[in-house]
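Q: next come a sequence and a model predicted from it.
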Amino acid sequence: MTGPNVEGKTKMTIIAKDDKEVTYEVTGSFSFMGKETSAPAQKIKVDLTKSYDPIIAANLARTGTKIEKDGEGTEKIKIGGKEYDTKWTKTKSTTTVNGITIVSEHKMWLSKDVPLSGLVRMDTATGMTTTTTQLIGSGSK
């Protein structure tokens, strides 16, 4: 993840799997204006019997948040020497926190060839801040 004065890395590791669900652990570290912070580890379960919904997975549909789809399409994205066939979706989310309305725009590129979420890249713009989250690799240690 990169943005103005912010950098971060997140690692998702599968820790359990059966025919109906997969559990993975997410760890990460972030640097904002030069200050390094480690995020607490989170364990996330994915129900493999249901279709994957990136809006639910990104927690964009929380109570009080309005989600509008602004477009979708397909695109090839090359990362680390590998090309991915992706489906992209643009959304706009509007939420109110402590009386302040926050509008964010998201564009997510997903590929069936990427484990777990399928996320290849996500661009987010909120106010004057834009961040990019991008796959840098997957596979065994």
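A: Yes, it's here.

Q: pull the CA atoms of stretch 76-83 into CSV?
A: C-alpha atoms of stretch 76-83 as CSV (Å, rounded to 0.1, in the frame of the first residue of the first chain):
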residue,chain,number,x,y,z
LYS,A,76,-5.0,-7.2,-18.0
ILE,A,77,-2.6,-6.1,-15.2
LYS,A,78,1.1,-7.0,-15.1
ILE,A,79,2.7,-7.3,-11.7
GLY,A,80,6.1,-8.8,-11.0
GLY,A,81,6.5,-10.3,-14.5
LYS,A,82,3.1,-12.0,-14.3
GLU,A,83,0.0,-10.9,-16.2
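
Q: check contacts around the closest residue to E72 other than its chain neighbours.
A: Once flanking residues are discounted, E72 sits nearest to T89: 4.8 Å by C-beta to C-beta, 6 or more residues apart in numbering. Every C-beta, even on glycine, is put in place using the N, C-alpha and C of the backbone. Listed by C-beta atoms under 8 Å, 6 or more residues apart in numbering, the contact set of T89 reads P54, K69, G71, E72, K107, M108, L110.

Q: what strands flank the helix or strand that contains T89, and is each parallel or antiparallel?
A: Assignment of secondary structure by DSSP states H and E places T89 within strand 82-97. Taking DSSP bridges as the criterion, strand 82-97 forms sheet pairs with strand 66-79 (antiparallel), strand 100-110 (antiparallel).

Q: and the contacts of the longest one?
A: In this structure, residues lying in contact with strand 66-79 by C-beta under 8 Å, 6+ apart are 55, 60-61, 83-95, 105, 109, 111, 120-121, 134-136.

Q: could you do the last one as well?
A: When contacts are defined by C-beta under 8 Å, 6+ apart, strand 100-110 is touched by residues 54, 58, 60, 70, 75, 77, 84, 86-96, 117-127.

Q: at 7 Å instead, please
A: Counting contacts by C-beta atoms under 7 Å, 6 or more residues apart in numbering, the residues outside strand 100-110 that touch it are 54, 75, 77, 86-95, 118-126.

Q: buried sites along it?
A: By neighbour count on 16 or more other C-beta atoms under 10 Å, the buried set for strand 100-110 is S104, H106, K107, M108, W109, L110.
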